[in-house]
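In: could you look at this predicted model? Sequence included:
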Amino acid sequence: MKEITIALIGNPNVGKTSFFNALTGSHQYVANWPGVTVEKKTGSFKWNDYNVKVVDLPGIYTLNARSIDERIARDFLINERPDLVFNIVDGTNLKRNLYLTIQVIETGVKTVLILNQMDEVKNLDIKIDTRELSKRLGIPVIETIATKGVDIDSIMKSALSDSSRQIRYEIYPKELEDLFSSISRDIQNHDELKKFPPRWLAISLIEGDDFAKSIVRDHFAVPQEKDASLKIAKARYDFIDSVVKQVEQRPKEIWTITDALDHVFTHKILGIPIFISIMWMIFEFTFSISAPFSDLLSKGFDDLGSYAHLIPGWAGSLVGDGLISGVGSVLTFVPLIFFLFFSMGILEDSGYMSRAAFLIDRLMHRFRLSGRAFIPLLLGFGCNASAIMTTRTLEGEKERLISILINPFTTCSARLPIYAVISAAFFGAFGGFAIFSIYMISIVVALSMAIIFNFLLKNKETTPLIIEMPRYKAPTAKGLAIYTWSRGKHFLKKAGGIILGATVVVWLLSNLPFNAPIQDSIAAQIGKTIAPIFKPLGFDWHVTLALIFGGIAKEVTVTTLGTFANGNLEEFLGTILNPVSAYALMLFALLYIPCVATQATMKMETGSYKWPVFSVIWSLSLAYAVAFLFEKIAYLVI
Amino acid sequence: MVCIITLNKCPENTRCIIVESDLPDAFRSRLMGLGWLPGREIKVLRKAPFGDPTIYLVDSTEISLREDDSKFIKVEPVYPAPLSVVSEGKYVVLRFEGGRVFIQKMKSLEIKIGQEITVLPHKEGCKINVIADGKNILIGYGMANKIFVEKK
């Protein structure tokens, strides 16, 4: 068996993921790059006597390494030196894709050009002379339709067939070429620099690349050339133009389906109403359709839990109330997460996501967010944990972090029972208005937090907002299945453990010492100990304990209070709260700590414990301050 | 006379050539990777409902840019260009990029396709003073965006 590594590289939206899936089948897993949250997918497959490892690099336009994605791709090509690079290219957009191809070839790794989306190419009546393209670029070119599967055997054969053709460099004008070769000679005089591909290093130095400069800083001085990076880019495009002119025949501009759809979807007047109705549909679909499944699961686990009580003693309780309800609380998320990613998959694969971002960008920009940040915010009203996972569609690292941190302030559906119970008990006819006001406050807080976090994190990333508008495509069942499954599985694996663990810990706290009623448990002791802190807010230890348990899942706040109430929750609430402290409790429940599932997702998405901890402390202080101020002012007014 | 304006000033359906950009390095190099280089042609496709951002087409790739960014890109409109971006001189009306109401309006102003007009000096973003058939007409900025003219 021979081990080889293949890297996949290409522009965004060229079908790289489909190609990856087609190559590796189900043998794939998702991993985070160390230190950053950009996803790296690796997978493997066997071919003849080769064990092939496939690394899917982030979708990028250039190798200039100014963004994290580009840096990851560049570092991988330069430092890890994969045996082969498959450069996936969108056949309908040869001109734009070849820029990256040229840069990849310059790194000196063996490159194969995968000309993908050939079905679209045929539909658009474009003709590409693959053989000529291969001759001009000096690398093998293979046509594929990755969404319909690929012929691994023929790809690997032509990729590995050692026809190491002499690459003719005909891209740059003579004066640049002379410069490159003189620098290449300098590079080859230094042993420490031998591990870097000399031509790549020379070109990057002239382009003024910081990483390249840092490599050679101690060895020799680089001649400075004015406007060299522009000249290089221009030379590359001139070369691409001449190649494309030679190999591609495309019909005159025609009115395509995409143009027609865009005319409607991005219409000046109709665009926004259509956007709102699509968002409403997604929201309804995700949260209404998944609700019966979630209810069914949680009922199933409740029943299972009560069967477990047939086991005598504390063991029955541990299994029933601890383990089974813990697993249950993880699994009730499953329908929600899967339906959500199913709809997100449709939005992304169809190409509508970019249009939505385009439509709403102006509004979001006021809060220093981009158009794409709208979708996680909206979904937060359903469930924060799953909404945070959708922030992956955001480009800027800091914007993504800000979107993650503000998301818990959008009031998720699990908090609704708390508001409903309190409103019914205290506000009677004004109950609906009380709940509505909480939703409004939620929106105001989330958006103001966006501005505050932007300031605190010194986010200056607002500049580069480029949204590419891909062609509209009908999402395929296979693509949606893979999208939904890979994201959903990820949640189960990563967040599941933490949620389960937390449920068991809470069970232990509320059941130790053994056989004690909940009023005497460790949890109650904790509640009573810290209750004085919440005294200024008018919350007693029952409420304190309920809020602590509510950290597991917000609806547990209500069920905990229910266990003290002996059947009549409204009457019981009347004895421990008054209308002012009741509304303060609603405010507090809105703002205080994200639930354990959300914290787990934060950890998973940011790659560190720092942010969930920060979020807990921040939101707890905010909730305390808001509830406290509200009561002080309310008592003054009344 | 050649007039160089910033990209954000170009109305929908304008074609223009990139002259130069003062964008931050990182952003410029990303745009370069998308084919946005001096000398290349951009088509302004569509503005968002609130006028920002705008979708542009360069080589068969559509991307959307904010006004905050596009104002750093200097371009030179290609004829036929909208009346709103041309400087003073003699022009021929080539086409109207508007709906029925707009074409009615043009009729009432007696501006016809193929007609020769003279644009008088005017301030940027203001009404445009033109002479058509010896008559002096003031054309609003929004309307001027939809009248495409060719240099006479």
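Out: It's in. What you are looking at is a predicted structure, and each value in this text was computed from that prediction instead of being measured. Residues are numbered from 1 along each chain as shown, chains lettered A, B, ... in the order given.

In: so which strand or helix has the closest residue to A:N566 other than its chain neighbours?
Out: Closest residue to A:N566 apart from its sequence neighbours, by CB to CB, 6 or more residues apart in numbering or on different chains: A:F572 at 7.3 Å. C-beta here means a position set from N, CA and C on the backbone, and glycine is covered the same way. Element membership of A:F572, judged by DSSP states H and E, is helix A:569-576.

In: and that helix, what does it pack against?
Out: helix A:416-426, helix A:556-565 (3 or more CB pairs under 8 Å, 6 or more residues apart in numbering or on different chains; DSSP states H and E).

In: what's downstream of the longest one, the next helix or strand?
Out: What that stands for is helix A:416-426. Counting by DSSP H and E, the next helix or strand C-terminal to helix A:416-426 is helix A:431-456.

In: up against chain B, what does chain A have?
Out: Residues of chain A lying near chain B by CB under 8 Å from any CB of the partner chain: A:60-62, A:64, A:66-67, A:92-93, A:95-96, A:99-100, A:229-230, A:233-234, A:237, A:262, A:266, A:268-269, A:271-272, A:354, A:357-359, A:361-363, A:365, A:462-469.

In: the residues you listed in helices, which ones?
Out: Secondary structure defined by DSSP state H assigns A:95-96, A:99-100, A:229-230, A:233-234, A:237, A:262, A:271-272, A:354, A:357-359, A:361-363, A:365 of the residues of chain A next to chain B to helices.

In: if any of those are buried, put those into a ChimeraX selection.
Out: This is the ChimeraX syntax for the buried subset of these, where burial follows 16 or more other CB atoms under 10 Å in any protein chain shown:
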select /A:95,96,99,100,229,233,234,237,262,271,272,354,357,358,359,361,362,365
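
In: what about B:L45, how many residues nearby?
Out: When neighbours are defined as other CB atoms under 10 Å in any protein chain shown, B:L45 has 19 of them.

In: so what does the closest residue to chain A within chain B have for phi and psi?
Out: Residue of chain B nearest chain A, by CB to the nearest CB: B:G33 (3.3 Å). Per-residue torsions, B:G33: phi -60, psi -20 (degrees, to the nearest 10).

In: likewise A:K53?
Out: Main-chain dihedrals, A:K53, degrees, to the nearest 10: phi -100, psi 130.

In: gap between the helix or strand harbouring A:R136 and the chain center?
Out: Per DSSP H and E: A:R136 is located in helix A:130-137. Helix A:130-137 sits 37 Å away from the centroid of its parent chain (CA atoms, centre = their mean, to the nearest Å).

In: tell me the buried residues in it?
Out: So, applying 16+ other CB under 10 Å, buried residues of helix A:130-137: A:T130, A:L133, A:S134, A:K135, A:R136, A:L137.

In: ok, so of those residues, who is nearest chain B?
Out: Using CB to the nearest CB, the buried residues of helix A:130-137 come closest to chain B at A:L133, 16.5 Å.

In: setting aside sequence neighbours, what's the nearest residue to that closest one?
Out: Ranked by CB to CB, 6+ apart and with sequence neighbours excluded, the top spatial neighbour of A:L133 is A:V247, at 4.5 Å.

In: tell me, how many residues neighbour that neighbour?
Out: Neighbour count for A:V247, taken as other CB under 10 Å: 20.

In: pretty sure it contacts A:L137?
Out: No. Using CB atoms under 8 Å as the test, A:V247 is too far from A:L137 to be in contact (9.6 Å).

In: contacts only, for B:I18.
Out: B:W36, B:L37, B:P38, B:G39, B:R40, B:E41, B:I42, B:I73, B:K74, B:V75 (CB atoms under 8 Å, 6 or more residues apart in numbering or on different chains).

In: out of those residues, which end up buried?
Out: For the contacts of B:I18, buried by 16+ other CB under 10 Å: B:W36, B:L37, B:P38, B:I42, B:I73, B:K74, B:V75.

In: quick check, A:K473 in a strand?
Out: No. The assignment for A:K473, made by DSSP: H, G, I helix; E, B strand; the rest coil, is coil rather than a strand.

In: any idea how far it is from A:F409?
Out: Counting by CB to CB, to the nearest Å, the gap between A:K473 and A:F409 amounts to 35 Å.

In: got it, and B:E110?
Out: 59 Å.

In: more crowded one of these two?
Out: Neighbours were counted for B:E110 and for A:F409 using other CB under 10 Å; A:F409 has more, 26 against 11.

In: count of neighbours near B:I128?
Out: When neighbours are counted by other CB under 10 Å, B:I128 registers 23.

In: helix, strand or coil for B:K74?
Out: B:K74 falls in the strand class when you classify it by three-state DSSP.

In: ok, it - contacts?
Out: Taking CB under 8 Å, 6+ apart as the test, what B:K74 contacts is B:I4, B:I5, B:T6, B:L7, B:I18, B:V19, B:E20, B:S21, B:D22.

In: what is the burial count for A:L512?
Out: Around A:L512 sit 14 other residues, with neighbours defined as other CB under 10 Å.

In: which phi and psi values does it adopt?
Out: A:L512 adopts backbone torsions of phi -100, psi 140, taken as degrees, to the nearest 10.

In: show me the contacts for it.
Out: Per CB under 8 Å, 6+ apart, neighbours of A:L512: A:S521, A:I522.

In: next: B:I63.
Out: By CB under 8 Å, 6+ apart, the residues touching B:I63 are A:I466, A:I467, A:E468, A:M469, B:L34, B:I55, B:Y56.

In: mind pulling up the pLDDT for it?
Out: Per-residue pLDDT puts B:I63 at 88.

In: what's the answer for A:T111, then?
Out: If you check A:T111, the pLDDT there is 90.

In: that one and B:K127, how far apart?
Out: Distance, A:T111 to B:K127, using CB to CB: 57 Å.

In: look up the closest residue to A:A228, ignoring the ones flanking it.
Out: Take A:A228 and drop its neighbours on the chain: the residue closest to it by CB to CB, 6+ apart is A:I206, 4.8 Å away.

In: verify the stated contact: the one you found with A:D178.
Out: No. Contact criterion CB under 8 Å: A:I206 and A:D178 do not qualify, at 11.1 Å.

In: next to chain A, which bits of chain B? Give me the list.
Out: Going by CB under 8 Å from any CB, the residues of chain B near chain A are B:23-27, B:29-35, B:37-40, B:46-53, B:55, B:59-66, B:68-69.

In: how about a cut-off of 6 Å?
Out: Neighbours of chain A within chain B, by CB under 6 Å from any CB of the partner chain: B:26-27, B:29, B:32-35, B:37, B:46, B:48-50, B:52-53, B:55, B:59-64, B:66.

In: what subset of the residues you listed is buried?
Out: Among those, those classed as buried by 16+ other CB under 10 Å are B:26-27, B:29, B:32-35, B:37, B:46, B:48-49, B:52-53, B:55, B:59-64, B:66.

In: show me which residues of the host helix or strand of A:V504 are buried.
Out: In this assignment (DSSP H and E), A:V504 forms part of helix A:477-511. Judged by neighbour count using 16+ other CB under 10 Å, the buried positions of helix A:477-511 are A:479-480, A:482-484, A:486-488, A:490-492, A:494-496, A:498-500, A:502-504, A:506-507, A:509-511.

In: after the helix holding A:R136, which helix or strand is next?
Out: Assigned by DSSP H and E, the successor of helix A:130-137 is strand A:141-143.

In: tell me what that next one is packed against?
Out: Using 3 or more CB pairs under 6 Å, 6 or more residues apart in numbering or on different chains; DSSP states H and E, the elements in contact with strand A:141-143 are strand A:111-116, helix A:130-137.

In: which of those sits closest to A:W200?
Out: Set against A:W200 and scored by CB to CB, those come closest in strand A:111-116, at 12.3 Å.

In: in the chain, which spans are strands?
Out: All of this is about chain A. Per DSSP state E, chain A carries strands over the ranges A:2-10, A:28-32, A:39-47, A:50-56, A:84-90, A:111-116, A:127-128, A:141-143, A:248-249, A:467-469.

In: think we crossed wires, I meant chain B
Out: For chain B, the strands defined by DSSP E cover B:5-6, B:15-21, B:41-47, B:54-58, B:61-65, B:73-77, B:81-82, B:89-96, B:116-119, B:128-132, B:135-139, B:147-151.
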